[in-house]
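Colleague: okay, predicted coordinates and the sequence, questions at the end:
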Amino acid sequence: MKTIVLSLFFSIFVFSLLNAQNNNVQEIIQQGVELHDAAEYKKAIEKYQEALKIDPKSNQAVYEMSLSYLQLKDYKKASEYSTKVINSNNKELSVGAYAVKSEALAEMDMIDEAIQLLKDGLQRNGDEYLLHFNLALNYYKKRDLDNALTHVKRAIDLDKTHSGAYLLYAYTLNSKKYWVQSIFSFQMFLLLEPDSQRSKNAFEEMLQTMRVKPASDKPVERSFIQQQLMRNQGENNQNASEIPPLSIVDGLNRNFVYSAITHTLDSLTQISENENLYICFKEVNEAILKVLEKENNSSKEGIFWNFYVPFFSYIANSEYYDIYCRYISSSYFPESLAWWKNNPNKARNFIRWFEKGDNPDT
């Protein structure tokens, strides 16, 4: 009996000791994460190394370290540590580790290897948003736009809450000369992320795509891709005086859209200079949607006709259309940002309506 009691006491003591050690490791890792989020990447790595001295098998510490090395642009170490996580067969960290390693490989000009790695990751982990998004990004960098579209659409299907996927979708559509479709993918992005630097750049490119603003000699800076590569490929270097592709694509007669744009712009020539660009955007966008709404019918298939057109037409036909235009243009027009600051009640009503529709009490 004494032996049993001593054995039980020892087991409880060891369990308590291990539990305390694990809590200590998690606390140190959390300190590292906070340092990482504050852009103190080297100090974060020191914390993860401290955690690994206590628990050399901590995959969480190794994974977080790979993220910090990635931010430091030490791509070899980011690849090395993410590989350790992949080889550990840790289900919770596997997808993130594949994403880190693929990004590190791509930054080392090993895009084909990054693509193959992500395909392996999909086989191992199943359909995952992050893996499809990274595949789309790498295909986009290779100028394989068809595969980029396939994977970014799948990423959006899997998770419709990530703004970056809509932005990449807009870029890819525009590069494929699907300029009308890209306009509304830009707007989906701006709905989710209206107030960042890349929002401002995206809005600028959208204005050029809508022919509201002429393009400059220097392409608008795009996220995800180096500017020099954009210049070399002639990416996003369009001229508002040139006629865009007007052939019918996926049931969309782009000639009708272009005619609506030019007619609207011609009718707005007398607007005062101060508000000209914002009003042009607002009116041209509404004119495009009226054409698309008229063209949409039960024979049209695909996400553009079944989701984008009804969704944005619903907004355009509501009492909140002007507020919506102010919202998605707040990073670009100072007066739009000022409007949001000066009209908090209207802003809140729009957000409530956007989240709950016409029945705010439900």
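Modeller: Received the coordinates, thanks.
Colleague: how about the strands in the stretch 151-300 of the chain?
Modeller: Counting by DSSP state E, counting those that start in this stretch, the stretch 151-300 of the chain has these strands, from start to end: 248-249, 252-253.
Colleague: just checking, what packs against the last one?
Modeller: In this structure, strand 252-253 packs against helix 276-295, with contacts taken as 3 or more Cβ pairs under 8 Å, 6 or more residues apart in numbering; DSSP states H and E. For glycine as for every other residue, the C-beta is placed from the backbone atoms N, C-alpha and C.
Colleague: export the strands of the stretch 151-300 of the chain to a markdown table and tack on distance to residue 46, mean pLDDT and mean neighbour count?
Modeller: Output for those, formatted as a markdown table (distance: least, Cβ to Cβ, whole Å; pLDDT from 0 to 100; neighbours: other Cβ atoms under 10 Å):
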| stretch | distance to residue 46 | mean pLDDT | mean neighbour count |
| --- | --- | --- | --- |
| strand 248-249 | 54 | 90 | 13 |
| strand 252-253 | 55 | 92 | 18 |
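Colleague: in JSON lines: those, plus distance to residue 38.
Modeller: Shown next, in JSON lines, are the strands of the stretch 151-300 of the chain (distance: least, Cβ to Cβ, whole Å):
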{"stretch": "strand 248-249", "distance to residue 38": "47"}
{"stretch": "strand 252-253", "distance to residue 38": "47"}
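Colleague: can you list the weak-confidence ranges in the protein?
Modeller: 1-23, 225-241, 270-275, 357-362 (pLDDT under 70).
Colleague: so what's the residue nearest in space to the middle of the chain up against?
Modeller: By Cα atoms, centre = their mean, the chain has its centre lying nearest to residue 164, at 0.5 Å. Applying Cβ atoms under 8 Å, 6 or more residues apart in numbering to residue 164 gives the contacts 133, 189, 223.
Colleague: what subset of those residues is buried?
Modeller: 133, 189 (16 or more other Cβ atoms under 10 Å).
Colleague: what's the closest of the contacts of residue 164 to residue 109?
Modeller: Among the contacts of residue 164, residue 223 lies closest to residue 109 (Cβ to Cβ), at 19.2 Å.
Colleague: surely the closest one touches residue 201?
Modeller: Yes: using Cβ atoms under 8 Å, residue 223 is in contact with residue 201, at 7.4 Å.
Colleague: neighbours around the closest residue in space to residue 249 that isn't next to it in sequence, how many?
Modeller: Leaving aside its chain neighbours, residue 249 sits nearest to residue 178 (6.3 Å; criterion: Cβ to Cβ, 6 or more residues apart in numbering). The number of residues packed near residue 178 is 21, by other Cβ atoms under 10 Å.
Colleague: likewise for residue 186?
Modeller: Residue 186: 26 neighbours (other Cβ under 10 Å).
Colleague: dump the residue contacts of it.
Modeller: 166-167, 170, 202-203, 205-206, 209.
Colleague: now it: how far from residue 79?
Modeller: The gap separating residue 186 from residue 79 is 33 Å, by Cβ to Cβ, to the nearest Å.
Colleague: in this structure residue 35 contacts residue 64, no?
Modeller: No: Residue 35 is beyond contact range of residue 64, at 10.1 Å (criterion: Cβ under 8 Å).
Colleague: residue ranges for the helices of the stretch 151-300 of the chain, please.
Modeller: 163-175, 179-192, 197-209, 227-233, 254-267, 276-295 (DSSP state H, counting those that start in this stretch).
Colleague: can I get these in a markdown table with distance to residue 334?
Modeller: What follows is these, written out as a markdown table (distance: least, Cβ to Cβ, whole Å):
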| stretch | distance to residue 334 |
| --- | --- |
| helix 163-175 | 22 |
| helix 179-192 | 16 |
| helix 197-209 | 11 |
| helix 227-233 | 25 |
| helix 254-267 | 23 |
| helix 276-295 | 10 |
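Colleague: so which of those gets nearest residue 338?
Modeller: helix 276-295 (11.8 Å).
Colleague: what comes into contact with the following helix or strand past that closest one?
Modeller: Using DSSP states H and E, the helix or strand that follows helix 276-295 in sequence is helix 303. Applying Cβ under 8 Å, 6+ apart, the contact partners of helix 303 are residue 153.
Colleague: same question for stretch 133-153.
Modeller: So stretch 133-153 is contacted by 98-99, 102-103, 106, 111, 114-115, 118-119, 122, 132, 155, 162, 164-165, 168-169, 171-173, 175-176, 224-225, 229, 233, 303 (Cβ under 8 Å, 6+ apart).
Colleague: give me the buried subset of these.
Modeller: Buried among the contacts of stretch 133-153 by 16+ other Cβ under 10 Å: 98-99, 102-103, 106, 111, 114-115, 118, 122, 132, 155, 162, 164-165, 168-169, 171-173, 175-176, 225.
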